[in-house]
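*Asks:* Sequence isn't available, so here's the structure alone:
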């Protein structure tokens, strides 16, 4: 007898409640409530092949409600992925198990995105749908023709990023995107009526989405809603009315099933109510066979696709993430050396992007309504719109968080390299997505301009102070602060080359002199290097970043005139410098001299490089004034710095 959809769904419910019970930790309610929707999607619609989890034309599925991670772990096991094994599921939420508390893309093939911070999964799905439509416009239906699906809960709908993502998707008309809303009307605190009275469906409709409603426990009604979504040219929201913890007779429909184990008694009662007689972590053979058959639906489809894809080297290159061969950047750098440019590093970034975008078709740029300030658009990047998905520039509007999360989705999809701009101070809006860029190990480039008090009169609301340091604290994020046009080009080259993590370029508003007179080696790759060696016997090492490197050169000149030998070290990237061999680090930052840091931002943290040396920076909020006045006010001038260095040297000599 062929198992019914209800029986197939009950396999998900059983694995979810068993795993959470064994771990004594987790969220059984959502997997149990959305089991019927997930079963319908995975057995009837989703295009995938567990034998080739990275098949480029597979559908993308994102579990935005990542707390219900046992839903995707159960689905991967049941449909025949190599992992998780049933042993992995037994060890749910335990150290070393790939079945982490929330889904992690780097742990298991089949996990398309790391989710858990609510709302970001939907926003990443929007980015995946953008990438799909863009690549389809370039390579055609034969190679790129798939859907993006996401499951989201009430929490995802409440998060502010959902409004940003929904607005962007509707504006772009992303008809290959479908979001299943787990409309169970329960959050951790209790009924959603405690905290919201929003008409979620009406909001989506107002943003240009198709909206369908279904009984989330009626497979045929779910099928009807999915068919309507596929037929509609707009992005779709399917509101699935569900019961959280469906099958647990005493706790279903309550917040008690949301984030806690059901308890042994309720698990036993649920097994009886569901007619589930198999022992914990066992799936009856007929059910497992049916699930594996569903998992094999895509094998022949993939084989046909592979025949069509044979010989398309450019598509293969794009999806592999490899950069094309070429000397565009070398030629550009050679031109800078021949004709030095005194420009703001944001302008230098635009100049570098001109060469990059002409030579690298993978890039998709954008800005959160600051295109003219971030200098992120070049002549090669026409707008990406719902009328023309082949464009390479996105006008994100005032949606910093949504932009960053969508870029994560694009990078996860593959085939494109996204970059996007805003002011550095507004990295706070995007920080949650920047963190997921780093955690997911994706190639996203953040172009953050107006990086200090150097932006001038806009004042402390727009002047970043603590931002550089706080971003440097984030694991796997490379923060680059170039000092001139040459360094900016080098930093761009390194950001594009880096395939296993994000990069952030902190760029100046004000013009800066070109300090480098050679580009034979990408010195920024070292993280820090001696820009200028002491002429007299070395007594001082000045370490600076970005706009303050030219100030350090002026300070060094003044000290040398007094016979004090002074190295100038440019340190565009702490993370890259820390990865260098000890021999390099010790040579650039020798012991036995006075080390001094100069950066127009928070000084906490510089002690790791200067020890008990001097730190020049800003440990308060900025002010509204012209740039020169601000630098004088905060003591970032030759006249303020040199006397303190000489006094320190004199004190050391007396000691």
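*Replies:* Thanks, I have the structure now. Values in this document were obtained by computation on a predicted structure and should not be read as measured data.

*Asks:* Let me see the confidence value for residue 326.
*Replies:* On pLDDT, residue 326 comes in at 81.

*Asks:* pLDDT below threshold where in the chain?
*Replies:* 655 (pLDDT under 70).

*Asks:* Just want the most central residue of it.
*Replies:* By C-alpha atoms, centre = their mean, the chain has its centre lying nearest to residue 437, at 2.6 Å.

*Asks:* Okay, and it sits in which element?
*Replies:* Using DSSP states H and E, residue 437 sits within helix 427-440.

*Asks:* Tell me which other helices or strands that helix touches.
*Replies:* Helix 427-440 sits against helix 120-139, helix 400-413, strand 445-449, helix 467-472, with contacts defined as 3 or more C-beta pairs under 8 Å, 6 or more residues apart in numbering; DSSP states H and E. To be clear about C-beta, it is placed using only N, CA and C from the backbone, and glycine gets the same treatment.

*Asks:* highest average neighbour count across the ones you listed?
*Replies:* helix 400-413 (a mean of 30; mean count of other C-beta atoms under 10 Å).

*Asks:* From the chain's centroid, how far away is the helix or strand following that one?
*Replies:* Helices and strands here follow DSSP H and E; after helix 400-413, the next one along the chain is strand 417-423. On the basis of C-alpha atoms, centre = their mean, to the nearest Å, strand 417-423 is displaced by 11 Å from the centre of the chain it belongs to.

*Asks:* which strands and helices sit next to strand 417-423?
*Replies:* By 3+ C-beta pairs under 8 Å, 6+ apart, strand 417-423 packs against strand 363-367, helix 371-374, helix 400-413, strand 445-449.

*Asks:* I'd like the ones you listed laid out as TSV, including distance to residue 355.
*Replies:* Listed next are the helices and strands packed on strand 417-423 as TSV, based on distance: least, C-beta to C-beta, whole Å:
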stretch	distance to residue 355
strand 363-367	11
helix 371-374	18
helix 400-413	21
strand 445-449	15
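
*Asks:* Nearest approach to residue 9 belongs to which of the ones you listed?
*Replies:* Closest to residue 9 of the helices and strands packed on strand 417-423, according to C-beta to C-beta: helix 400-413, at 27.7 Å.

*Asks:* export the helices and strands packed on helix 427-440 to CSV and tack on distance to residue 357?
*Replies:* As requested, those are exported to CSV (distance: least, C-beta to C-beta, whole Å):
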stretch, distance to residue 357
helix 120-139, 14
helix 400-413, 16
strand 445-449, 12
helix 467-472, 25
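
*Asks:* so which of those comes closest to residue 60?
*Replies:* The nearest among the helices and strands packed on helix 427-440, by C-beta to C-beta, is helix 120-139 at 4.7 Å.

*Asks:* Quick check: what element follows the closest one along the chain?
*Replies:* Downstream of helix 120-139 (by DSSP H and E), the next one is strand 148-152.

*Asks:* name the helices or strands packed onto that next one?
*Replies:* helix 35-44, strand 60-63, helix 120-139, strand 177-183.

*Asks:* give me that answer again for 6 Å
*Replies:* strand 60-63, helix 120-139, strand 177-183 (3 or more C-beta pairs under 6 Å, 6 or more residues apart in numbering; DSSP states H and E).

*Asks:* quick check: angle from that strand to helix 400-413?
*Replies:* Interaxial angle of strand 148-152 relative to helix 400-413 (axes from the mean of the first three to the mean of the last three C-alpha atoms, to 10 degrees): 130 degrees.

*Asks:* ok, residues contacting strand 148-152?
*Replies:* Strand 148-152 is contacted by residues 60-65, 121-122, 125, 128-129, 177-181 when judged by C-beta atoms under 6 Å, 6 or more residues apart in numbering.

*Asks:* what do you get if the cut-off is 8 Å, keeping everything else the same?
*Replies:* 34, 37-38, 41, 45-46, 59-65, 68, 71, 119, 121-122, 125, 128-129, 132, 162, 174, 176-182 (C-beta atoms under 8 Å, 6 or more residues apart in numbering).

*Asks:* what does stretch 623-637 give?
*Replies:* With C-beta under 8 Å, 6+ apart, stretch 623-637 has contacts from 453-460, 510, 548, 551, 598, 600, 616-618, 622, 640-641.

*Asks:* Kindly check the end-to-end length of that stretch for me.
*Replies:* Using C-alpha to C-alpha, to the nearest Å, the end-to-end distance of stretch 623-637 comes to 17 Å.

*Asks:* tell me which residues in it are buried?
*Replies:* Residues of stretch 623-637 classed as buried by neighbour count (16 or more other C-beta atoms under 10 Å): 623, 627, 630, 631, 634, 636, 637.

*Asks:* For residue 430, which of the helices and strands packed on helix 427-440 is the nearest?
*Replies:* Closest among those, using C-beta to C-beta: helix 400-413, at 3.9 Å.

*Asks:* Remind me what the closest one packs against, helices and strands.
*Replies:* Against helix 400-413 (3+ C-beta pairs under 8 Å, 6+ apart) you get helix 120-139, helix 160-172, strand 363-367, strand 417-423, helix 427-440.

*Asks:* any chance of those in CSV, with distance to residue 106 too?
*Replies:* Converted to CSV, these look like this (distance: least, C-beta to C-beta, whole Å):
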stretch, distance to residue 106
helix 120-139, 14
helix 160-172, 22
strand 363-367, 23
strand 417-423, 19
helix 427-440, 7
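
*Asks:* Give the burial count for residue 3, as a bare number.
*Replies:* For residue 3, the count of nearby residues is 17 (other C-beta atoms under 10 Å).

*Asks:* and it, what element?
*Replies:* With DSSP H and E as the test, residue 3 turns up in no helix or strand.

*Asks:* Can you name the residues that contact it?
*Replies:* Here residue 3 is in contact with 286, 287, 290 (criterion: C-beta under 8 Å, 6+ apart).

*Asks:* and if you look at residue 50?
*Replies:* Here residue 50 is in contact with 76, 79, 80, 81, 82, 110, 295, 296 (criterion: C-beta under 8 Å, 6+ apart).

*Asks:* mind running it again at 6 Å?
*Replies:* Here residue 50 is in contact with 79, 80, 81, 295 (C-beta under 6 Å, 6+ apart).

*Asks:* What of residue 237?
*Replies:* Contacts of residue 237 by C-beta under 6 Å, 6+ apart are 179, 181, 204, 209, 211.

*Asks:* close enough to count as contact, the fourth one and residue 171?
*Replies:* No: under the contact definition of C-beta atoms under 6 Å, residue 209 does not touch residue 171, with a separation of 10.6 Å.
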